[in-house]
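K.L.:
pasted the sequence and its predicted model underneath.
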Amino acid sequence: MTNSFAQRTVFRLYQLAWSAALPILHRNLRLRRGWEQRLLKQKIQPGELWIQAASVGESYLAGEIVRRLNPEKRIKILLTSNTSQGMEILEKTRRRAMRSELNLEVKTSYFPFDQPAIMARALAAIRPRLIVLLESELWPGLMAASKLQKIKIAVVNGRINEKSLKRYKIWPSLWRNLRPDKILAISQNDMARFATLFGPEVVESMNNIKFDRVNELGLAAGRVNPLSAMIGPEERLVVLGSVREEEEKDITWLIKNIMRKAPDTIIGLFPRHMHRLKSWQKSLARISLPWLLRSDIHDQVKSGTVVLWDVMGELSPAYAIAQAVFVGGSLAPVGGQNFLEPLTCGIRPVIGPHWTNFAWIGREIIRLGLVTEVETRQALKDILLRELNRPLQRQEVRQAVIAYVRSRQGGTRQACQVIKELL
């Protein structure tokens, strides 16, 4: 693979760079978790199929693949991740596979460092027939060692942005030599970028596996909402869901101005992180509005109250009885939060302009009128006040989003088919 003098030199330098970096990386508390596994000082388990999932999101995708793979003959799978959070999810997948009747033997490990010598030893120990890289991971040490040992590589649920492509194109011949055997990309734009880097003959399109993970039903029909005793059917509820620290100033302004225009409203404020509760208590005290902690409520909430949610697991039930919803993490450039959740509960959400973490859902959902995108807090206030006075169409919204999601499902099935063919 790395047959040119220039490429061999690059990989020697890459090896030396890792040797110099490892003592520094050892100071990182996050990377010290699983350190022995990352360096292969602890035995790594063999696996005919090796699936690498960088962190939490990719680990959930790996779980979908394992759950639906259903091979004809029993196979060994090694699941790896770079992070402790990803490892926790992979461990749950492993335990589910053990309890099930799936024809699989699943093991987990931290992903080895990409130093070429480490990766060569890793492949010799694991002996995979196929390596699956999820989403946007292209590890040159792993890919080069795989080419030398004639091990197939597939990129599944693949995505690559323009910034990354420009970086890879600094040395296009190197990446052509490291070309995976198959790339399943989640959009036409991603297909085109992968084709530019690796050639169109190995690239296909697929539906995003994340659509297969969407809970279509939201709060199950016919089930009593656990918040119905707290917020009566005649009340108007605005839910501000998964609000991030970076947007607290704007949301404080929003709460104050919604209450000024609609003083009979109840506002449910759901911070994304519980450690921000004290900060929120100070902010609400400064704007002199009546507020309560959710954990202190044992009766019906009065109109004109802000409820600061300090109880986990009640965001979906709140969406299911709200008249207007904002999904946070989107007014500030922090990537956004899951706005499909309120849709499956039958309510059209409002989001800010920053939702790159959920760009896979597609802008068509906005063009269809299922989600409203705003640029400013003033526009957000105006839309939420408008939504408070619009008739609810919960069943129509639920049916529309279910149709939207179903038309985009099936990616896991396609990925599993390709994996079985390559195996």
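P.N.:
That came through fine.
K.L.:
contact partners for the residue nearest the centre of the chain?
P.N.:
Geometric centre of the chain, nearest residue: G57, 3.9 Å, by CA atoms, centre = their mean. If a contact means CB atoms under 8 Å, 6 or more residues apart in numbering, then G57 has 135, 210 as its contacts. Placement of C-beta: from N, CA and C, glycine included.
K.L.:
assumed it was part of a strand.
P.N.:
No - applying DSSP: H, G, I helix; E, B strand; the rest coil, one finds G57 to be helix, outside a strand.
K.L.:
for P233, what is the enclosing helix or strand?
P.N.:
In this structure, P233 sits in neither a helix nor a strand according to DSSP states H and E.
K.L.:
okay, it and H298: tell me how far apart.
P.N.:
Separation of P233 from H298 (CB to CB, to the nearest Å) stands at 19 Å.
K.L.:
could you name the helices and strands sitting against the lengthiest helix in the chain?
P.N.:
What stands out as the longest helix in the chain, according to DSSP state H, is helix 5-25. Judged by 3 or more CB pairs under 8 Å, 6 or more residues apart in numbering; DSSP states H and E, the packing partners of helix 5-25 are helix 116-126, helix 140-148, helix 172-177.
K.L.:
what's the last one packed up against?
P.N.:
The reference is to helix 172-177. The contact analysis (3+ CB pairs under 8 Å, 6+ apart) places helix 172-177 against helix 5-25, helix 188-198.
K.L.:
could you list the buried residues of the longest one?
P.N.:
Neighbour-count burial for helix 5-25 flags 7, 10-11, 14, 18, 22 (criterion: 16 or more other CB atoms under 10 Å).
K.L.:
kindly report the same for the shortest one.
P.N.:
Buried residues in helix 188-198, defined by neighbour count with 16+ other CB under 10 Å: 190-191, 193-194, 196-198.
K.L.:
and the protein, what are its domains?
P.N.:
When the chain is parsed with automatic domain parsing, its domains come out as 5-19+26-208+410-422, 236-406.
K.L.:
turn those into a markdown table, columns for distance to S228 and mean pLDDT.
P.N.:
Listed next are these as a markdown table, based on distance: least, CB to CB, whole Å; pLDDT from 0 to 100:
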| stretch | distance to S228 | mean pLDDT |
| --- | --- | --- |
| domain 5-19+26-208+410-422 | 31 | 95 |
| domain 236-406 | 7 | 96 |
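K.L.:
V214: which of the ones you listed is closest?
P.N.:
V214 lies closest to domain 236-406 among the domains of the chain, at 4.9 Å (CB to CB).
K.L.:
any idea how far apart the tips of that closest one sit?
P.N.:
Domain 236-406 has an end-to-end distance of 31 Å (CA to CA, to the nearest Å).
K.L.:
what about that domain, distance to the chain center?
P.N.:
Centre-to-centre, domain 236-406 and its host chain are 20 Å apart (CA atoms, centre = their mean, to the nearest Å).
K.L.:
sorry, back to before: which one of the buried residues of helix 5-25 is nearest L174?
P.N.:
Closest approach between the buried residues of helix 5-25 and L174, by CB to CB: Q7, at 6.0 Å.
K.L.:
pretty sure that closest one contacts L174?
P.N.:
Yes - assessed by CB atoms under 8 Å, Q7 is found in contact with L174 at 6.0 Å.
K.L.:
would you mark the buried spots in stretch 382-389?
P.N.:
Applying 16+ other CB under 10 Å to stretch 382-389 flags 383-385, 387-388 as buried.
K.L.:
now go through those and say which are in strands.
P.N.:
Using DSSP state E to define strands, no part of the buried residues of stretch 382-389 is located there.
K.L.:
among these, which lie within helices?
P.N.:
Using DSSP H, the buried residues of stretch 382-389 in helices are 383-385, 387-388.
K.L.:
need those in JSON lines with distance to V203, can you?
P.N.:
JSON lines is the format used below for those (distance: CB to CB, whole Å):
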{"residue": "I383", "distance to V203": "40"}
{"residue": "L384", "distance to V203": "42"}
{"residue": "L385", "distance to V203": "47"}
{"residue": "E387", "distance to V203": "42"}
{"residue": "L388", "distance to V203": "47"}
